Structures are given as C-alpha cells and as structure tokens.
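>>> Using only what follows, build the 3D model:
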Amino acid sequence: MPTPVPQAPVVLRSESAPVPRPASPISESLVILTPPTQVDGEGKATVLEGEVDRLNGELRAAREKIRNMELQVEGLKANVKKAAQALMEA
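The predicted model follows:
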C-alpha cells in the first residue's frame, strides 16, 4: 500500500482578504548592474574609489528592494492567515 503524500491546504480568497498588490511594479524592482571599469596609469586609485562608491550604491539599492519584497511576503502571509481563519470559522 503506498504511503499517503501530505498535501498543502487549499486557501481560497474571501471577501475579507483582498488580493495584495506589490508596492512597486516588478520592472522597477530590477537591479541593473554595470560592468567594472578598467583603467591603466595615473588616477587608478581615484577611479577605483569611484567604482567602490558606485558598487556600494548598487548594493544599497538591491538591499532596499530585497527588504521591500520581504515586506510584501510578510503581507501575503498575513492575508493567507486571515483567509484561512475566515474559512475555518465559516
């Protein structure tokens, strides 16, 4: 006899749990990375410092977008929990 496979519960959207909408469109949440700059000769340290600043800015923007997505996931989880409770009470 085969072992039963556990299945995730099906949660339907109720009137009290609206469909969540992302804070920003997906296209705005993409991070565009630029290739590193290559320089020979004088001014290399200045160029590298500028590149480090640019990369730090890109990293900061990426972390902000990740945090926004984490907040969206938390909101979705809360809506799922509310919907499941509403279904259990119905």
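
>>> Helices of the chain, start to end?
With helices called from DSSP state H, the chain shows them at 44-89.

>>> which stretches of it have low pLDDT?
For the chain, applying pLDDT under 70 flags the ranges 1-42.

>>> Could you tell me how many residues sit around residue 85?
Residue 85 has 13 neighbours, counted by other Cβ atoms under 10 Å. Every C-beta, even on glycine, is put in place using the N, C-alpha and C of the backbone.

>>> before we move on, what about residue 73?
By the measure other Cβ under 10 Å, the count of residues near residue 73 is 11.

>>> next one: residue 78
Residue 78 - counted by other Cβ under 10 Å - has 12 other residues nearby.

>>> Any figure for the gap between it and residue 85?
Using Cβ to Cβ, to the nearest Å, residue 78 is found at 11 Å from residue 85.

>>> and what of residue 51?
For residue 51, the distance to residue 85 - Cβ to Cβ - is 51 Å.

>>> swap in residue 71?
Taking Cβ to Cβ, one finds residue 71 at 21 Å from residue 85.

>>> With residue 61 instead?
Counting by Cβ to Cβ - residue 61 and residue 85 are separated by 37 Å.

>>> same deal with residue 68?
Distance from residue 68 to residue 85, by Cβ to Cβ: 26 Å.

>>> same check, this time on residue 70
Per Cβ to Cβ, residue 70 is found 23 Å from residue 85.
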